[in-house]
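Novice: Fold the following.
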Amino acid sequence: MKVTLRFFLSVIVVSLLSACGPSEADQLATVEALVVQTVAAMPTQAPQATLPPLPTYTPQATFAAVPSQTPLPTYTPYPTYTPPATATESPMATETVEPAAAATTSGQPVPTSAPVVNVTEQLAAKIQDELTRIDIIRGAFLPLSPGGGGTLTEQPSDCGAIVSSYNSIANVLTVDVSAQSPTVQNAYGVYRAATDTVLSLLAPWVEICRTDLASGVSRRIIDQNQYGILRQALDQPIGQLNQAINSLQSP
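Specialist: I've put the predicted structure just below:
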C-alpha cells in the first residue's frame, strides 16, 4: 500500500516539475527511474509450496480367463437293427394217404371228451345250497314249540341236522376263476369269505352237537338268548351270499 502511494506521489511531482522545469526527455528519464525504483521496492512474492506428487497408479491384476470346458464325448449311435433273414419255406412233403384201418370190435367204449363245466352255474348252485343249509341249521336250533307261542327261554335242538348241514357247507367249492369274468371272480371271492364267517360262527355249536351224538344224545336244550346272538351274527354272511348269487343270475 505504501509503495503504491509513493508511486503516485512521484508521478505528481514529475508532473509538477515538467510544468515548470526540465524538458520532456528528462521527464521521461526521471519517470522511468522512479518506476524502476518503485518496482525494485515492491516485495518479492513468496513462491507457492510444491505440491506432493500423487501416488503412482497401480494397475489392477490381470483377469484370469476361465479354463476351457472339456467337450463332451461324441455320441456314438447304436448299430442299425438288421432284421433277421426271412426264412425260406421248405417244400411241403406230399402226404401219403394210408388206407383206413378196418374198424375193430374190441367191445371197449370209445372215449368221449369231458363235458365243459359252466363255472357260473356251478358257483350259483353251490351258493344256493349253502343258503338252504343255513336255514336248516337255524330251524334245527330253534324248532317251533308245540303250542306255537315260542315263549320258552330254552328250546330243543336237532344235532343230527345241524352236523349234516355244517359238513355240507364246510365242503367248499374250489375252482379256478382267473379266466372268468370280473363278475364271477368277485362272486367267488364273496362266497369264500362269507363261508369262512359262517363256519367260524357255527363251529362251537357244532362241536357240542358232535359230542352229544357220540354219547347217544341227539337233542340238546339250548339257551334262546345265546341263540339270538348267533342268529343275528349270521345275518351278515347271509346277506353277502344273496348279493353274490344275485350278481351271477342277473342278465
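Novice: list the helices and strands the helix or strand harbouring residue 189 packs on?
Specialist: Using DSSP states H and E, residue 189 sits within helix 182-214. Here helix 182-214 touches helix 119-141, helix 159-170, strand 219-223, helix 224-249, going by 3 or more C-beta pairs under 8 Å, 6 or more residues apart in numbering; DSSP states H and E. Placement of C-beta: from N, CA and C, glycine included.
Novice: Could you point out which of those sits nearest residue 185?
Specialist: Closest of the helices and strands packed on helix 182-214 to residue 185 is helix 119-141, at 9.9 Å (criterion: C-beta to C-beta).
Novice: mind listing what's buried in that closest one?
Specialist: 119-120, 123-124, 126-127, 130, 133-134, 136-138, 140-141 (16 or more other C-beta atoms under 10 Å).
Novice: So which residues make contact with that helix?
Specialist: 155, 157-159, 161-162, 165-166, 168-169, 173, 175, 177, 180, 184, 187-188, 191, 195, 198, 202, 205, 222, 227, 230-231, 234, 238, 241-242, 244-245, 248-249 (C-beta atoms under 8 Å, 6 or more residues apart in numbering).
Novice: quick one: the helix holding residue 189 to helix 159-170, angle?
Specialist: Inter-element angle recorded for helix 182-214 and helix 159-170: 150 degrees (by axes from the mean of the first three to the mean of the last three C-alpha atoms, to 10 degrees).
Novice: can you tell me which of the helices and strands packed on helix 182-214 the model trusts least?
Specialist: For the helices and strands packed on helix 182-214, mean pLDDT drops lowest on strand 219-223, to a mean of 74.
Novice: That one pairs with which strands, and in what direction?
Specialist: Partners of strand 219-223 in the sheet, by DSSP bridges, are strand 154-158 (antiparallel).
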